[in-house]
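Asks: This is a predicted model, with the sequence first.
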Amino acid sequence: LGLSLPVEHVAASEGVVHGSRGEVWRAIGDLGAGASWRRGISRVDRGEDVEGMEVWIEHSRFGPMAMGVRDRVEGERLVVEIVGERLPFGGAWTYEVSDEGGRHTRADHGAGIHPEPDLPVHGAVRVRVSRGAAAVSRGPRAEVRRRGRDSGDRGGGMMAVDTRQAARRALRYESFADLARDLDAIEEAHRSGRLRTTGNWTAGQIMEHLAKFANCAFDGFPGRAPWIVRKAAKLLFKRKILSGEPMPPGFKIPRQASFMVPSAETTTEEGIAMLRLVLARLDRGDRFTAESPIFERLSHEEWCRAQLGHAAMHMSFIEPGDG
């Protein structure tokens, strides 16, 4: 929903919850248990306080999101907001609970793209919701599909592109600052309708894939390659992969790593937001500490070079065009 709203907006919803006020408040007020009732949230971790504000880190397919508790009146009112620097979005959510039949109201004040919490459904508690929004429009509705040539699941009988032969940019990132600048150019090209891709994924899919790979390097991979594959990769590819050089295209993701395949529904805006969350994690000092599923133990610096080479290869299939 956030992608379809203006950058500055206020939205509100109200529902009658069939349960006690205590039950409703326990569901809303226990931020650490949010994954038990909010769709799309895989887990919630306690973060470090920011200027005395209680912080919780919500994890979803978009990556981690730091939420700070701006105000809490037990049993009555909870205000949480996105915290962090250089983020592509922002927002604050207000939850209020009254004695009127267990009535729950929520208002959110957003700036840009943000996740939308579900209303709590805890045990036998049921929710009936009405929503309204008031905002000043600042531009056209966000596109669900990118205009022009699509680089993802091509559909419509179109044949897949041989990415080893496809035209693409000569691109190398020396730092994540280079990647951030390229991301800015891609976002501007998308807004002006100049963006196109030359491979088999959309721009959104490319950036979702890069974000998945980076977040796994932060938080851990679900598995690793067979012993013989790891042994061969160390001998044949490790030096080149960790050099920071762009990786060669044409690699097919194996079935065992299907979790790295991006969704065909990911929009350009969503992909940009996912990748910016990765950059925000690096800005705040998060380090790549997970074991590689192929090369096993890597230092943060080695992971950085691998991430930049991986990103340069995939982003080379995105053409921002001339500004």
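Replies: Sure thing, it's come through. Keep in mind that what you see is a predicted model, and the values were worked out from it rather than measured.

Asks: neighbouring contacts of stretch 219-237?
Replies: Stretch 219-237 is contacted by residues 59, 216, 256, 259, 290, 291, 292, 293, 294, 295, 296 when judged by Cβ atoms under 8 Å, 6 or more residues apart in numbering. In short, each C-beta sits where N, CA and C put it, glycine included.

Asks: For residue 93, which three-state class applies?
Replies: Classification of residue 93 using DSSP: H, G, I helix; E, B strand; the rest coil returns strand.

Asks: ugh, typo on my part, it should be residue 66
Replies: Assigned by three-state DSSP, the conformation of residue 66 is strand.

Asks: Burial check on it, number of neighbours?
Replies: 21 (other Cβ atoms under 10 Å).

Asks: ok, now residue 69?
Replies: 17.

Asks: quick one, what contacts it?
Replies: Residue 69 neighbours (Cβ under 8 Å, 6+ apart): 31, 53, 54, 55, 56, 78, 79, 80.

Asks: Residue 213 too?
Replies: 260, 307, 310.

Asks: Quickly name whichever of these is closest to residue 193.
Replies: For the contacts of residue 213, the closest approach to residue 193 (Cβ to Cβ) belongs to residue 310, at 28.0 Å.

Asks: Backbone dihedrals for the nearest residue in space to the closest one that is not next to it in sequence, both of them.
Replies: Counting by Cβ to Cβ, 6 or more residues apart in numbering, residue 310 lies nearest to residue 247, which is 5.5 Å off, once chain neighbours are set aside. Backbone torsions for residue 247, taken as degrees, to the nearest 10, come to phi -70, psi 150.

Asks: which residues in the stretch 51-200 of the chain form helices?
Replies: Under the criterion DSSP state H, counting those that start in this stretch, the stretch 51-200 of the chain carries helices at the ranges 176-191.

Asks: shaky segments in it?
Replies: Under the criterion pLDDT under 70, the flagged ranges of the stretch 51-200 of the chain are 62, 85-90, 99-160.

Asks: can you give me the strands in it?
Replies: 55-60, 63-73, 77-82, 89-97, 103-112, 127-134, 196-197 (DSSP state E, counting those that start in this stretch).

Asks: Show the subsequent helix or strand relative to the last one.
Replies: Next in sequence after strand 196-197, counting helices and strands by DSSP states H and E, comes helix 203-219.

Asks: On the C-terminal side of that next one, identify the next helix or strand.
Replies: With DSSP H and E, the next secondary element past helix 203-219 is helix 227-236.

Asks: just to revisit the earlier point, give me the buried entries from the contacts of residue 69.
Replies: 31, 55, 56, 78, 79, 80 (16 or more other Cβ atoms under 10 Å).

Asks: export those residues to JSON lines and tack on distance to residue 224?
Replies: Shown next, in JSON lines, are the buried ones among the contacts of residue 69 (distance: Cβ to Cβ, whole Å):
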{"residue": "31", "distance to residue 224": "33"}
{"residue": "55", "distance to residue 224": "32"}
{"residue": "56", "distance to residue 224": "30"}
{"residue": "78", "distance to residue 224": "41"}
{"residue": "79", "distance to residue 224": "42"}
{"residue": "80", "distance to residue 224": "37"}
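
Asks: would CSV of the contacts of residue 69 with distance to residue 97 be doable?
Replies: Formatted as CSV, these follow (distance: Cβ to Cβ, whole Å):
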residue, distance to residue 97
31, 15
53, 21
54, 19
55, 22
56, 19
78, 9
79, 13
80, 14
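
Asks: From those residues, pick the one nearest residue 44.
Replies: residue 56 (5.5 Å).

Asks: Okay, and the beta partners of residue 96?
Replies: residue 77, residue 105 (DSSP bridges).

Asks: Could you report the neighbour count for residue 283?
Replies: Count around residue 283 with other Cβ under 10 Å applied: 15.

Asks: Please disregard the earlier target; I meant residue 200.
Replies: Per other Cβ under 10 Å, the neighbour tally for residue 200 reads 21.

Asks: hang on, it packs against residue 168?
Replies: No - contact between residue 200 and residue 168 fails when scored by Cβ atoms under 8 Å: they sit 11.9 Å apart.

Asks: got any residues that touch both of those two?
Replies: The contact sets of residue 200 and residue 168 do not overlap (Cβ under 8 Å, 6+ apart).

Asks: Now for the spatially closest residue to residue 246 that is not a sequence neighbour: which residues touch it?
Replies: Spatial nearest neighbour of residue 246, excluding adjacent residues (Cβ to Cβ, 6+ apart): residue 312 at 4.0 Å. Taking Cβ under 8 Å, 6+ apart, we find residue 312 in contact with 171, 172, 173, 246, 247.

Asks: Out of those, the closest to residue 212 would be?
Replies: Checking these against residue 212 by Cβ to Cβ gives residue 247 as the nearest, at 15.6 Å.

Asks: residues near the closest one, how many?
Replies: Other residues near residue 247 come to 16 when the count uses other Cβ under 10 Å.

Asks: Which residues are in contact with it?
Replies: 241, 309, 310, 312, 313.
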